[in-house]
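Engineer: here is a sequence together with a model predicted from it:
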Amino acid sequence: MKAPSKLLKAQQGKIAIQQKSANDAVNQVTQAIDEAGEARPNKKSLLDYLVTARSLLEGASAVAGLVPVITGAIETIQKLF
């Protein structure tokens, strides 16, 4: 997945972003990935994780490109479930 690798780069200081927001966003995306891997993923949980990750990143212009990626994932989940 594209988003976690970009988030990790941001987290490692290669992109200017607040460290705590990067850590929190990575955790949220990782939880969404884990949930998606479940036999019966919970739509609400998936959406909650991704919406939270998007919110954490919306204010950081350095990772603005990730917001549409996460938004696309949210829209896909809404269509699938």
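Structural biologist: Okay, I see it.

Engineer: CA atoms for contacts and neighbours, from now on please.
Structural biologist: Fine.

Engineer: Ala25 reaches Val51, doesn't it?
Structural biologist: No - the criterion here is Cα atoms under 8 Å, and Ala25 misses it with Val51 at 9.9 Å.

Engineer: the more surrounded of the two?
Structural biologist: Ala25 (26 against 20; other Cα atoms under 10 Å).

Engineer: the nearest residue to the more buried one once chain neighbours are set aside: what's it in contact with?
Structural biologist: Distances taken as Cα to Cα, 6 or more residues apart in numbering place Ala53 nearest to Ala25, at 4.5 Å, with adjacent residues excluded. For Ala53, the contacting residues are Asp24, Ala25, Val26, Gln28, Val29, Ile70, by Cα atoms under 8 Å, 6 or more residues apart in numbering.

Engineer: which regions of the protein sit below the pLDDT cut-off?
Structural biologist: Applying pLDDT under 70 to the chain picks out residues 1-3, 7, 9-19, 59-64.

Engineer: can you give me the strands for it?
Structural biologist: With DSSP state E, there are no strands along the chain.

Engineer: quick one: buried residues of the longest helix seen in the chain?
Structural biologist: Longest helix in the chain, counting residues (DSSP state H): helix 19-36. Neighbour counts over helix 19-36 (16 or more other Cα atoms under 10 Å) mark 21-33, 35-36 as buried.

Engineer: tell me the contacts of Gln28?
Structural biologist: Tyr49, Leu50, Thr52, Ala53.

Engineer: ok, now which ones touch the third one?
Structural biologist: Taking Cα under 8 Å, 6+ apart as the contact definition, Thr52 lies against Ala25, Gln28.
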